Each structure stands twice: as structure tokens, then as C-alpha cells.
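Participant: build the 3D model from these lines:
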Amino acid sequence: MRDIIVLIGPPGAGKGTVAPIIIQKTGVPQLSTGQMLRAAVKAGTTIGKQAQGLMAKGKLVPDEIVARLVKERTEQRDCSRGFILDGFPRTINQAKLLAKILEENNEYVTLAIEIRVPDSVLETRICGRWMHKASGRSYHVTFSPPKSMKLLSNGKPDVKTMKDDKTVIQIQRRARERDSKRESETESESVGGKQERERECERKGERMGNRAIRDYSQKERD
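Facilitator: Numbering: from 1, shown residues only. You can find the predicted model right below:
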């Protein structure tokens, strides 16, 4: 039985900060869909080529392609004991695709962690975030500034030492598409169907939780 952990939360919530702590405790790798997509594009894989054209146009990569990427990645040797999903699933459809992938091996998510942060804090974190695209390292102008950052006399970063993301328009377009898709998924759910799914999730969650507790208790005894 693999440890399959899902981190849920908006950008800036701290998923990337929490993941290394979980890695130390469990020894399973963190899987970020964004990093996997960039790696696939760089490697020139079939999925990477399909995604590259869409990403260059600022369009969302279809859920089915992302799900295939996740499936292939989780079949690699370093995921034999489990894995941490960061950034997937984000929508109801993605959650259904993940469930289908796991069901093929009679598996399920053993732990889901939701990180809730006030919008004002998220805004501070995101607006001050810098990213080194070559390595994927993340910085912040206040909390973790890069060595290359220079400050002006007023204490603000010198824009000459930072490059704006040229894909900002594409990013905004993807965000609008994602929000529209989420609204569409939510509206398509009937009240009765949603309540029944919630009751089933509660029953399944209770069973999964009890089983997970037994599994971890057994590991502690071993």
C-alpha cells in the first residue's frame, strides 16, 4: 500500500514549504504538475510536445494530458512507496481522473492536506514572489530575497535587477479559463447529487481514514 498524499491550497498557501517536511517524514517524492510539464517539454516527450504548443499560446493544458503525465510519473521507481501530489487535482474533473488512475491499482488517496491562508496574506506572498525558471527555485523580495536583487534608496527592489515574466498575458488568460471551468463544473452539479456525493465522500473518507491509521500504526510497530 503506497502513501498517496495530496496537498490542496491556492498559490502562495505554502504547499512548497510543507512538502519538504512531509518528504523527510515519509521518504516519498513531491510531484508538481508544473515541474513535470516543463520537464516533459524540455525532454521533447510526446506529452511535452502536445503541451508546449498550448502553453506557448497561454492556453490551459487539458486535464486528460495532465492526468496521463501524472500516471506515467507515478509509475516510476522512486514512487514505489508513494508520492506527494502538489498542484493536482485542482478541479472536480481532475479529481475524478486521479481516482480512476488510482483505482486501476486498487489504491486511493491516503491523506489530503488543505492549507488555508487569508487572501491578504496570499497577496503579500504572491506579489513579492520571484522565480528562477532555470532551476525552479522560488524567492521573495521580503522573506527570501535572491542575492542578485538590489534595493533602491527607498528600500524597494530595483526593477533593473529583475525581469518581468513575458508570459503574463498568457498566465492571466489561463487563470480566467481555469476560473470559468471551475464555475461551470460547480453549476453543473445538482443539489441532490452533490449532497449524495458528500455523504458518500464522508463514508469513504471515514473508511479510508481508519485504514490509513491502521497502516501507519502497523508501520510504527514494525
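Participant: next, count neighbours for E103.
Facilitator: 10 (other C-beta atoms under 10 Å). C-beta here means a position set from N, CA and C on the backbone, and glycine is covered the same way.
Participant: typo on my end, P118
Facilitator: A count of nearby residues for P118, using other C-beta under 10 Å, gives 8.
Participant: for the chain, which spans come out with low pLDDT?
Facilitator: Scanning the chain for pLDDT under 70 picks out the ranges 131-136, 155, 157-222.
Participant: where exactly do the helices run in it?
Facilitator: 15-26, 33-43, 46-56, 63-74, 92-103, 119-127, 168-187, 191-221 (DSSP state H).
Participant: the inter-axis angle of the fifth one versus helix 33-43?
Facilitator: This means helix 92-103. 80 degrees (axes from the mean of the first three to the mean of the last three C-alpha atoms, to 10 degrees).
Participant: helices or strands up against helix 92-103?
Facilitator: helix 63-74, helix 168-187 (3 or more C-beta pairs under 8 Å, 6 or more residues apart in numbering; DSSP states H and E).
Participant: swap in 6 Å and give it another go.
Facilitator: helix 63-74 (3 or more C-beta pairs under 6 Å, 6 or more residues apart in numbering; DSSP states H and E).
Participant: so which bits of the helix it packs on are buried?
Facilitator: By 16 or more other C-beta atoms under 10 Å, the buried positions in helix 63-74 come out as D63, I65, V66, A67, R68, L69, V70, R73, T74.
Participant: from these, which is closest to F83?
Facilitator: F83 has its nearest neighbour among those in T74, at 5.7 Å by C-beta to C-beta.
Participant: now the closest one. Nearest residue, chain neighbours left out?
Facilitator: Closest residue to T74 apart from its sequence neighbours, by C-beta to C-beta, 6 or more residues apart in numbering: F83 at 5.7 Å.
Participant: same question for E64.
Facilitator: Nearest one to E64, counting by C-beta to C-beta, 6+ apart, is L97 at 7.1 Å.
Participant: now swap in R2 and tell me
Facilitator: Using C-beta to C-beta, 6+ apart, the closest residue to R2 is G82 (4.0 Å).
Participant: nice, that's everything, thank you.
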